[in-house]
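[1] Build the 3D model from these lines:
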Amino acid sequence: MPKPGHGGTAEGKKVKIILIDDDREFLEMLSHSIERSGFSCQAVSDSRQAVEKISAEFFDIVVTDMFMPGLFGLQIIDMIRESSPRSSIIVVTGSKEGNLEQCALEHGADVFLKKPLSLFSFLDTLSRLDTTSENR
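    I've put the predicted structure just below:
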């Protein structure tokens, strides 16, 4: 059974995470690492399909890229905040745009990370959000 802060809630349920990124190789690598850390993870490469999934079922943490075909990251954040306000949102991007972080946080993202990711730091961020999402 997962421990709180390590992919599980105090009730012993796995924390549900959805990854949204059009880079399938990145999705596969990251979802594998997340699952090995004790979280439940779904990886989706289509932004519109991801929003439909989030509207239909609750995810504790949403990890999304900013630039993908279909929907722009800020649109995704707005839709998540509307349909699932208790979900924590992590934005991950390789973009160098200067005000992107500020815009993402203003739209409701909880964390903004730049690629390439430090896997250790990313998993630590998930664990920290895992404990705060229980208090939302």
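
[2] now this protein, which segments are flagged as low pLDDT?
    1-12, 131-136 (pLDDT under 70).

[3] in it, which residue is closest to the centre?
    For the chain, Val63 is the residue whose C-alpha lies nearest the centre (Cα atoms, centre = their mean; 1.7 Å).

[4] That residue touches Lys16, doesn't it?
    No. Counting by Cβ atoms under 8 Å, Val63 does not reach Lys16; the two are 11.6 Å apart. Using the backbone N, CA and C atoms, a C-beta is placed for each residue, glycine as well.

[5] quick one on the thing from earlier: helix, strand or coil for the residue nearest to the centre of the chain?
    On the three-state scheme (DSSP: H, G, I helix; E, B strand; the rest coil), Val63 is labelled strand.

[6] So what touches stretch 105-112?
    The contact list for stretch 105-112 (Cβ atoms under 8 Å, 6 or more residues apart in numbering) reads 74, 77-78, 80-81, 88-91, 93, 100-101, 104, 125, 129.

[7] Give me the distance between Asp78 and Arg128.
    24 Å (Cβ to Cβ, to the nearest Å).

[8] tell me the contacts of the residue found closest to His107 once you drop the neighbours it is linked to in the chain?
    Nearest non-adjacent residue to His107, counting by Cβ to Cβ, 6 or more residues apart in numbering: Ile77, 4.4 Å away. Residues near Ile77 by Cβ under 8 Å, 6+ apart: 64, 89, 91, 104, 107-109.

[9] Around Asp124, how many other residues sit close by?
    12 (other Cβ atoms under 10 Å).

[10] Now name the helix or strand holding it.
    According to DSSP states H and E, Asp124 maps onto helix 119-133.

[11] The host helix or strand of Ser31 vs helix 119-133, what angle?
    In this structure, Ser31 is located in helix 24-36 according to DSSP H and E. Angle, helix 24-36 to helix 119-133, by axes from the mean of the first three to the mean of the last three Cα atoms, to 10 degrees: 60 degrees.
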